[in-house]
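Participant: Sequence plus the predicted model coming up.
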Amino acid sequence: MNNVDHYKTINAPSEEVLYKERNSKFYAYAFPVSNESEIKRILSDLKKKHYGARHWCYAYRLGIDSTVYRANDDGEPNNSAGQPIYGQIQSFELTNILVVVVRYFGGTKLGISGLINAYKSAARLSLEHSNIITKTIDILYEVRFDYKNMNTVMRIVKEHHIKIVNQEMELKCMIKISVPRNNSKRIYDLMANRPEINIRKIDV
């Protein structure tokens, strides 16, 4: 089991930021995303907003343990746009994020090194203007027990500061609990070793 129990992302789209280089304008954006469908919709919206632009370059990273990522140059020379953008995502150690840099050509070619610097700088600005947050990686469990054993279960919950996300307290009781991943096996074993408690992991 991976012991990492947190990751960094952003909690809202960033403000639009503008980076200029020899009359070319680079508008940069960062978005929190969870799947590729969201990414396609955002790119479509930006292309409508910046319909007069020359390039809509981007990079994204999805996932926590096994990440999915892509860097797109959108017509710029190979690795001169998407990869520098992705490099900033890596530098800020972020995931579940999309960064888009929209370029309006200013009439002067920037060369490969100039493009790399411009896209890197614009992406960095968008991330500097984003609200970066740390999220915990939690495991969900469903815990079932008879009402007469409620005190036993609730004592464990209280002593180990376990978060209850849902509960049904009747003759047959059920609670759903959320536990940080690096502590989840210990909590599972603690409850599973008691015959009066039935616990199972919930896949989400």
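Facilitator: Received it, and whenever you're ready, just let me know what you need.
Participant: what's the helix or strand where Ala123 lies in contact with?
Facilitator: Per DSSP states H and E, Ala123 falls inside helix 111-128. Contact partners of helix 111-128, identified using CB atoms under 8 Å, 6 or more residues apart in numbering, comprise 10, 14, 17, 19, 21-22, 24, 26-30, 57, 59, 76-77, 80-82, 84-85, 87-89, 91-92, 94, 99, 101, 103, 110. C-beta here means a position set from N, CA and C on the backbone, and glycine is covered the same way.
Participant: Just the mean pLDDT for the next helix or strand after it, thanks.
Facilitator: Following helix 111-128 in sequence order, the next helix or strand is strand 132-136 (DSSP H and E). Average pLDDT, strand 132-136: 91.
Participant: quick one: strands adjacent to strand 132-136?
Facilitator: Here strand 132-136 has these sheet partners by DSSP bridges: strand 6-10 (antiparallel).
Participant: buried stuff in the helix or strand following the partner strand?
Facilitator: Beyond strand 6-10 in the direction of the C-terminus, DSSP H and E gives the next helix or strand as strand 17-21. For strand 17-21, the neighbour count (16 or more other CB atoms under 10 Å) marks Val17, Tyr19, Glu21 as buried.
Participant: what does stretch 185-202 give?
Facilitator: Result for stretch 185-202 [16+ other CB under 10 Å]: buried residues Ile187, Tyr188, Met191, Ile197, Ile199.
Participant: repeat for stretch 20-32
Facilitator: Buried, per 16+ other CB under 10 Å, within stretch 20-32: Glu21, Ser24, Lys25, Phe26, Tyr27, Ala28, Tyr29, Ala30, Phe31, Pro32.
Participant: what distance separates it from the middle of the whole chain?
Facilitator: Centroid separation for stretch 20-32 versus its chain: 22 Å, with CA atoms, centre = their mean, to the nearest Å.
Participant: all strands in this structure, in order from the N-terminus.
Facilitator: 6-10, 17-21, 24-32, 55-62, 68-72, 97-104, 132-136, 138-146, 163-168, 172-180, 197-202 (DSSP state E).
Participant: Deepest in the core, which of the ones you listed is it.
Facilitator: Highest mean neighbour count of these: strand 97-104, a mean of 25 (counted as mean count of other CB atoms under 10 Å).
Participant: so what does it touch, helix or strand wise?
Facilitator: Contact here means 3 or more CB pairs under 8 Å, 6 or more residues apart in numbering; DSSP states H and E; on that basis strand 97-104 packs against strand 24-32, helix 36-49, strand 55-62, helix 82-91, helix 111-128.
Participant: Val165 is nearest to which of those?
Facilitator: Closest of the helices and strands packed on strand 97-104 to Val165 is strand 24-32, at 21.5 Å (criterion: CB to CB).
Participant: Run through who's touching the closest one.
Facilitator: 9-14, 16-20, 38, 42, 46, 50, 53, 96-106, 108, 110, 118-119, 121-123, 125-127, 129-130.
Participant: Having no further points to raise, I will conclude here.
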